[in-house]
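Engineer: turn this into a structure:
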Amino acid sequence: MLAASGLVATICAAAPLTPDARSEIDALMTRLETSGCRVNRNGTWYPAAETRPHLTTKLDYLEQRGQVENAEQFIERAASGSSMSGQPYLIQCGDAPPVETATWFSRELQAIRATARTGKPP
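Structural biologist: Numbers count the residues shown, from 1 in each chain. Model (predicted):
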């Protein structure tokens, strides 16, 4: 009986993202991929388009363990820093100074949600 309840808990913990959460995360990833920016992960700069596969791998890992339910948790747990070194990721767009990816993704999420509400970009 105890083993069965553990199995049920494991299955419940690994519930897939809701369609709304998946849509927002996909929109964030697309914005990153098409931004033309570059991302610093653990001291090395990468084109933002090359960062999407890395973040997708992290998202898949978290999703399989039931550790991400929404876009905010994706930003906090996958897109904001290295799970190995603890260093924050940075993003630089054009000549602007680099900012932490958590800040960039949060701004982009606000813009995505504003567009969804109004039908027009902010």
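Engineer: residue 40 and residue 47: what is the separation?
Structural biologist: 11 Å (CB to CB, to the nearest Å). C-betas here are computed from N, CA, C, even on glycine.
Engineer: more crowded one of the two?
Structural biologist: residue 40 (18 against 12; other CB atoms under 10 Å).
Engineer: got phi/psi on the more buried one?
Structural biologist: Phi and psi for residue 40, reported as degrees, to the nearest 10, are phi -100, psi 120.
Engineer: find the nearest non-adjacent residue to it, please.
Structural biologist: Leaving aside its sequence neighbours, residue 40 sits nearest to residue 90 (CB to CB, 6 or more residues apart in numbering; 4.1 Å).
Engineer: what about the one you found, neighbour count?
Structural biologist: So residue 90, with other CB under 10 Å, has 20 neighbours.
Engineer: just list whatever residues bridge to it.
Structural biologist: Assessed by DSSP bridges, residue 90 has beta-bridge partners residue 40, residue 100.
Engineer: can you pull the contacts of it?
Structural biologist: For residue 90, the contacting residues are 39, 40, 98, 99, 100, 101, by CB atoms under 8 Å, 6 or more residues apart in numbering.
Engineer: other SSEs contacting the helix or strand that contains residue 61?
Structural biologist: Per DSSP states H and E, residue 61 falls inside helix 48-64. Helices and strands touching helix 48-64, by 3 or more CB pairs under 8 Å, 6 or more residues apart in numbering; DSSP states H and E, are helix 19-33, strand 38-41, helix 71-74.
Engineer: list the buried ones in the second one?
Structural biologist: The reference is to strand 38-41. By neighbour count with 16 or more other CB atoms under 10 Å, strand 38-41 contains the buried residues 38, 39, 40, 41.
Engineer: show me where pLDDT drops low in this structure?
Structural biologist: 1-14, 122 (pLDDT under 70).
Engineer: mind running it again at 80?
Structural biologist: Within the chain, the stretches with pLDDT under 80 are 1-15, 120-122.
Engineer: how near is residue 56 to residue 72?
Structural biologist: Between residue 56 and residue 72 the computed distance is 18 Å (CB to CB).
Engineer: could you pull up the residues touching residue 77?
Structural biologist: By CB under 8 Å, 6+ apart, the contact set of residue 77 is 58, 62, 67, 68.
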